[in-house]
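# any chance you can model this:
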Amino acid sequence: MFAILKHRTYRHLFLAQVVALAGTGLATVALGLLAYDLAGGQATAVLGTALAIKMIAYVLVAPLAGAYLTRLPRRSVLVALDIVRLVAVLALPWVDQIWQVYGLIFLLQSASAAFTPLFQATIPDVLPDEADYTRALSLSRLAYDLENLLSPALAAGLLLLVSYQGLFLGTAVGFIGSALLVVSVALPRLSAAPASKGPWRKLTQGARLYLATPRLRGLLALTLAAAAGSAMVIVSTVVIVRDGLARPDSAVALALAAFGAGSMAVAFLLPRWLENSSDRKVMFTAAAGMTSVLTILALLWPRLGVEHRWWLLLAGWTLLGATYAALVTPGGRLLRRSAHAPERPALFAAQFSLSHACWLVAYPLVGWLGAAQGTAVALGAMAALSALGTVLAWRVWPAEMPGPLTHRHDDLAPDHPHLAEHTRSAEGGHCHDYVIDELHTRWPSR
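Prediction:
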């Protein structure tokens, strides 16, 4: 897995992701404690609303960025967005009103909504070999797990020395490091995508490609299952640990680290697992596992005492992290093989926007249910949401998804360049790896 770090450009991009996410991990802990400081026992509702605002920014801004920022030099855009994130996070330690938290979160996450899909769409161009790209996805999963494992552990240590406001400075250092690392490499030039007819078609191009591809519709439904588990962890941990279990700030970091540990363990295993099993099988196994874990937690939580709940929480969060990693990591492989290179930024932006609509449902639902009805009800609701996503994915993602498909182009002239590129069949059609584009607007019936 680590051999691909010999590739200089990818190594610098990977390190940029690591330092930015390490800083973001500090901000995750600090934001939860800030919400608790401002709202006390209602921190779950405040944090759930803040994360809902984050999801709104992701859903609205990502398509705009995917449609228009790709015209600009990728390196300059990524660095500028890191600077915007830096400014927003430096302002967070100074807030004393809940509405100020909401405004800064919207600015910070709007910049992230533009940065992340463009960054993700760059990696397949840097690593065109699928085996290398699969290893890169697992490394990327490890980088994300720094937010849930190493960063909270670092936060626990720092909280012994500084107040939680000081953690936001660590986030600022992460964004500075990310910008410097991106500046240090030359990124591949992006080929021009086919011109869209009007701004609306350009804005919706990625979503149209996405929703017309069966495996990506399945990916979206499985993302709903993944959102159920991760939302439970991110939104509820601070209140469960501080109020429900009466444990200190450092225990919040430890609980989040358990989720990251499970995710990291699976990330190490995924490249070998995906060599021997299909993406679909791996992801459905993980979805079934996540639904089962949430259901068991919901049933056991009201039956155990406080001390036993702490150990149940650590075990459950670890398993949720493991199933979450197996659910979301293969998604990049599905996106890579579902579009030509010029359309990938729009497709990655569509995935970012549509998938975060799932978190837009899960985050406030967990926050409001947890505050009003308690932990057991929130766990049961997330188990139901995970089951719903799994069933929907099973219906829309066929078990057999062949690679090259034979199809016809009765609307094209016989001498069209596309027809000349591929061997024609006896029935007058031709065969190649099928993706949705300007010439292939619908998926074949078989």
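
# could you list every helix and strand that the helix or strand hosting residue 58 packs against?
Per DSSP states H and E, residue 58 falls inside helix 43-68. Contacts defined by 3 or more C-beta pairs under 8 Å, 6 or more residues apart in numbering; DSSP states H and E place helix 43-68 against helix 8-39, helix 98-126, helix 199-211, helix 214-239, helix 344-373. To be clear about C-beta, it is placed using only N, CA and C from the backbone, and glycine gets the same treatment.

# how far off centre is that helix?
13 Å (C-alpha atoms, centre = their mean, to the nearest Å).

# that one vs helix 98-126, what angle?
With axes from the mean of the first three to the mean of the last three C-alpha atoms, to 10 degrees applied, the angle from helix 43-68 to helix 98-126 works out at 40 degrees.

# on that earlier part again, most neighbours per residue, which of the helices and strands packed on helix 43-68?
Most buried of the helices and strands packed on helix 43-68 by mean neighbour count (mean count of other C-beta atoms under 10 Å) is helix 214-239; its value is a mean of 26.

# residue 113 against residue 65, yeah?
Yes: counting by C-beta atoms under 8 Å, residue 113 touches residue 65, with 6.6 Å between them.

# contact partners for the closest residue to residue 116 other than its chain neighbours?
Distances taken as C-beta to C-beta, 6 or more residues apart in numbering put residue 352 closest to residue 116, at 6.1 Å, once the chain neighbours are dropped. By C-beta atoms under 8 Å, 6 or more residues apart in numbering, the contact set of residue 352 is 58, 62, 66, 113, 116-117, 120.

# nearest to residue 300, of those residues?
Closest approach to residue 300 among those (C-beta to C-beta): residue 58, at 33.1 Å.

# how much space separates the nearest residue to that closest one once chain neighbours are set aside from residue 121?
Of all residues not flanking residue 58 in the chain, residue 356 sits nearest, at 3.8 Å (C-beta to C-beta, 6+ apart). Noted for residue 356: a distance of 16 Å to residue 121, by C-beta to C-beta, to the nearest Å.

# wait, is residue 187 part of a strand?
No: according to DSSP: H, G, I helix; E, B strand; the rest coil, the state of residue 187 is coil, so it is not within a strand.

# pLDDT value on it, please?
pLDDT for residue 187: 80.

# output the below-cut-off pLDDT ranges for the stretch 101-250 of the chain.
Scanning the stretch 101-250 of the chain for pLDDT under 70 picks out the ranges 145-153, 155-156, 158-161, 164, 190-204.

# can you rerun that using 90?
101-175, 178, 182-216, 234-250 (pLDDT under 90).

# picking that back up, tell me the contacts of the residue nearest to residue 58?
Neighbours of residue 356 in contact, by C-beta under 8 Å, 6+ apart: 55, 58-59, 62, 113.

# closest one to residue 104 out of the residues you listed, please.
Among these, and counting by C-beta to C-beta, the member closest to residue 104 is residue 113, at 14.7 Å.

# make CSV from the helices and strands packed on helix 43-68 and add distance to residue 253 to it.
Formatted as CSV, the helices and strands packed on helix 43-68 follow (distance: least, C-beta to C-beta, whole Å):
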stretch, distance to residue 253
helix 8-39, 6
helix 98-126, 20
helix 199-211, 36
helix 214-239, 9
helix 344-373, 19
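
# my read: residue 363 touches residue 231, true?
Yes: when contacts are counted by C-beta under 8 Å, residue 363 is listed as touching residue 231 (5.0 Å).

# picking up where we left off before, what's the helix or strand following the helix holding residue 58 packed up against?
With elements assigned by DSSP H and E, the helix or strand that comes after helix 43-68 is helix 74-91. Counting contacts by 3+ C-beta pairs under 8 Å, 6+ apart, helix 74-91 is packed against helix 8-39, helix 98-126, helix 167-183.

# among those helices, which comes closest to residue 311?
Nearest of the helices and strands packed on helix 74-91 to residue 311, taken as C-beta to C-beta: helix 8-39 at 21.3 Å.

# helices and strands around the closest one, which ones?
Counting contacts by 3+ C-beta pairs under 8 Å, 6+ apart, helix 8-39 packs against helix 43-68, helix 74-91, helix 98-126, helix 130-148, helix 150-158, helix 167-183, helix 214-239, helix 249-276.

# hang on, the earlier thing: which stretch among the helices and strands packed on helix 43-68 comes nearest residue 284?
Residue 284 sits nearest to helix 214-239 of all those, at 7.6 Å, using C-beta to C-beta.
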